[in-house]
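[1] Turn this into a structure:
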Amino acid sequence: AMTLTRSGNVGIGTTSPVAKLHVDGGASTNPLTIHGTGSDANRALNFDVDGASYGKITIPQGSGGAMAFWTGAANAPSEKMRISPTGKVGIGTSNPQTNLTIHGGAPIVQIGSTGSAATDQVSLSLATLTDGTVGLGNAAAKGWTVYGRGNAYTTTAQQNDLGIGYWDGSAWRTSMVMDS
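    Residues are numbered from 1 along each chain as shown. The predicted structure follows:
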């Protein structure tokens with residue numbers, strides 16, 4: 001059954017729709033199906049605000065059933081995450097190669113508390129810096145870090161070093177270095 005209320009709400013499977021479109025599938029395993037045919041690669045579930053598109057969910061053509069999530073500025077969303085047909089998740093990539101593949105700027109992954117900078121004591125970042133340093137440690141300018149420098153590091157004498165450092169209140173200091 002379908003209901004159209006005086007306020008303009010549409011109910012499918014309900015006589016009391018509480019939103020512009022309210023679908024109640026009851027015990028159905030598929031209460032809502034979005035179907036499209038043809039070769040249009042832009043078929044999507046779009047999310048618009050005041051006539052501007054800010055995001056969408058697509059099944060990209062030729063992807064074998066992947067699902068892509070797009071977000072961004074008004075009328076300029078771009079793909080930010082994809083789930084492959086095999087369940088691999090890519091953030092910042094449309095071709096995830098592992099269970100979770102993340103591409104992006106530093107820090108790529110940051111785990112922290114919700115406190116202010118003065119009280120933030122739980123923070124963990126893994127980042128590759130432009131000088132070739134890979135660090136694991138506190139994201140803020142305090143605490144500790146474990147770092148490795150590859151052969152792209154800017155100072156030749158410190159290439160391929162592995163070190164442990166700490167923040168002394170004004171600068172990062174090295175407490176231990178193993179060099180190659």
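[2] Please count neighbours and contacts with C-alpha atoms only from this point.
    OK.
[3] Next, Thr71: secondary structure please.
    Counting by DSSP: H, G, I helix; E, B strand; the rest coil, the backbone at Thr71 sits in strand.
[4] Lowest mean pLDDT among the helices and strands, pick that one out for the protein.
    strand 123-128 (a mean of 54; mean pLDDT, DSSP states H and E).
[5] Identify the spatial nearest neighbour of Gly26, chain neighbours not counted.
    In this structure, Gly26 finds its nearest non-sequential neighbour in Gly13, 7.5 Å apart by CA to CA, 6 or more residues apart in numbering.
[6] how close does the one you found get to Pro60?
    With distances taken as CA to CA, to the nearest Å, Gly13 is found 30 Å from Pro60.
[7] now His103
    According to CA to CA, His103 stands 20 Å off from Pro60.
[8] do Thr93 as well
    For Thr93, the distance to Pro60 (CA to CA) stands at 14 Å.
[9] do Ile34 as well
    Taking CA to CA, one finds Ile34 at 14 Å from Pro60.
[10] Between these two, which has more neighbouring residues?
    Legend: neighbour count by other CA atoms under 10 Å for Ile34 and Pro60, higher for Pro60 (17 against 7).
[11] On the three-state scheme, that one is what?
    Per three-state DSSP, the local secondary structure of Pro60 is coil.
[12] residues contacting the closest residue to Gln97 other than its chain neighbours?
    Of all residues not flanking Gln97 in the chain, Lys88 sits nearest, at 7.2 Å (CA to CA, 6+ apart). By CA atoms under 8 Å, 6 or more residues apart in numbering, the contact list for Lys88 reads Pro96, Gln97, Thr98, Asn99, Leu100, Thr101.
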